[in-house]
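Trainee: from the sequence below, what's the structure:
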Amino acid sequence: MRFHPLVRSLAAATLVLCVCALQGCGREATSKAAAGSAPPGSPAVSATASQSVDLSSSQLQFVSVAPAGERLFTVQREAVGVVDYDEDLAVQVSSPYAGRIVELRARTGDRVRRGQELFSIASPDLVQAESTLIGSAATLALDDQALKRANGLYAVRGMAQKDYEQAVSDQQTAQGAYEAARDAVRIFGLSDADIDRIVAQRRVAASLPVRSPIDGVVTARNAAPGALVQPGSTPTPYTVADVRTKWLLAQVPEDLVPLLRLGQAVDVRLPALPTWVFHGRISNIGEALDPNTRRVAVRSDVSDPDNELHPQMFATFTLHLGDARRSVAVPYDAVVREGDGTMTVWVTADRHHFVRRTVQLGEQQGGYDQILGGLRSGELVATTGALFISNAAVIGAAE
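Mentor: Numbering: from 1, shown residues only. Below you'll find the model as predicted:
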């Protein structure tokens, strides 16, 4: 559909009435002139053929004339689709070990930072690892003291070399066991400060914190206190996504597939935000078409730093499929769609006599039609009132 139906319908009705009224005046003036009672020069429509029209000065008030200019037009097409999260920037957050959820610390929609605690679990594996850490720390402390005494005795030859070497070996073994125990606890996500506190207080932590691995927004929460979680189970307790970039998923018709290229520019408009335009680029083109719709899925990445786009919003995608081209251009209102489907404009040289001209149209952008043939730049055309002239030509030809 190349024209606004409601506007064109109202304009057509108004113009037909005006033409009919003016044609009536013309016929009345002609009758009076035949009787010798009409003043000379009465305005009337002179339509010698349906392809040309002469307008009187009173009728020209409904018509604007301007030379056809040139504008840049880009090759673009539209498709429909939806907004979605960037799945490459969405993380499923679960516990690395089995346990029971103790406390939830984030809700859906919360913004979280990397390392921020999302939930905590009570894990038997964590308790065992912490107990081993406390035991190895105590053993290391005893062996350190034993080695210190052995050093003193060995220095004054109060200890056999065999016993001294055994003390050294025991201390090194205890040191290795202690480091291994720290590493085992560190796997659960505890920091060195947390580990030092466990060793100093000789008390196991009551729960294991599970933290966000990225900065983002909590997009899903499938957890409740008391629920048992297992590594790798689905759905995961939390999903965190970086919402600064969104995916725009469009369904593009089959005939446009050969024109698609990765990196092509995309403009996105949404019914929910009619005055906004989002810009992105094609990042993925589907390999196979949907056998039912004969369309291919095309994905674009769009920057959304303020999180204005929300998943499953409907969107219209304008795909820029080629370089800009300078062409002859006329306003939308200059073009008339005829009954047989052809597109025409009304051309004039003297702003009084108008000739119908068939044209070939290209893109529609910014209120202008691209003219691919039938009109040269600089020719005078009726930029408004073209439909009025067409109706005048129909009425004039019928008389």
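Trainee: local confidence estimate at residue 24?
Mentor: Looking at residue 24, its pLDDT stands at 41.
Trainee: do residue 289 as well
Mentor: If you check residue 289, the pLDDT there is 90.
Trainee: confirm for me that it is in contact with residue 295.
Mentor: Yes. Counting by Cβ atoms under 8 Å, residue 295 is a contact partner of residue 289 at 6.3 Å. In this view, the C-beta of every residue, glycine as well, is placed from N, C-alpha and C.
Trainee: between those two, which has more neighbouring residues?
Mentor: When neighbours are counted by other Cβ atoms under 10 Å, residue 289 and residue 295 differ, and residue 295 comes out ahead with 19 against 16.
Trainee: give the contact list for the more buried one.
Mentor: By Cβ atoms under 8 Å, 6 or more residues apart in numbering, the contact set of residue 295 is 79, 251, 252, 253, 254, 289.
Trainee: can you turn the buried subset of those residues into a selection I can paste into PyMOL?
Mentor: In PyMOL, this line selects whichever of those come out buried by 16 or more other Cβ atoms under 10 Å:
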select buried, resi 79+251+252+289
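Trainee: re the thing from before, now for residue 289 and residue 295: what residues contact both?
Mentor: Counting by Cβ under 8 Å, 6+ apart, the residues touching both residue 289 and residue 295 are residue 254.
Trainee: show me the contacts of residue 295 that map onto strands.
Mentor: Those of those mapping onto strands are 79, 251, 252, 253, per DSSP state E.
Trainee: any idea how far residue 333 is from the nearest residue to the last one once chain neighbours are set aside?
Mentor: Which is residue 253. Nearest residue to residue 253 in three dimensions, chain neighbours excluded: residue 295, at 5.7 Å (Cβ to Cβ, 6 or more residues apart in numbering). Distance of residue 295 to residue 333, given as Cβ to Cβ, to the nearest Å: 33 Å.
Trainee: quick one: pLDDT of the residue nearest to residue 253?
Mentor: pLDDT, residue 295: 90.
Trainee: phi first, then psi, for it.
Mentor: Backbone geometry at residue 295, expressed as degrees, to the nearest 10, gives phi -130, psi 160.
Trainee: in the sheet, who's paired with the residue most central in space within the chain?
Mentor: Taking Cα atoms, centre = their mean, the centroid of the chain lies closest to residue 248, which sits 4.1 Å from it. Note on residue 248: beta-bridge partners by DSSP bridges are residue 83, residue 300.
Trainee: adding distance to residue 360 and pLDDT, write the ones in strands among the contacts of residue 295 out as TSV.
Mentor: Formatted as TSV, the ones in strands among the contacts of residue 295 follow (distance: Cβ to Cβ, whole Å; pLDDT from 0 to 100):
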residue	distance to residue 360	pLDDT
79	24	85
251	29	89
252	25	88
253	22	87
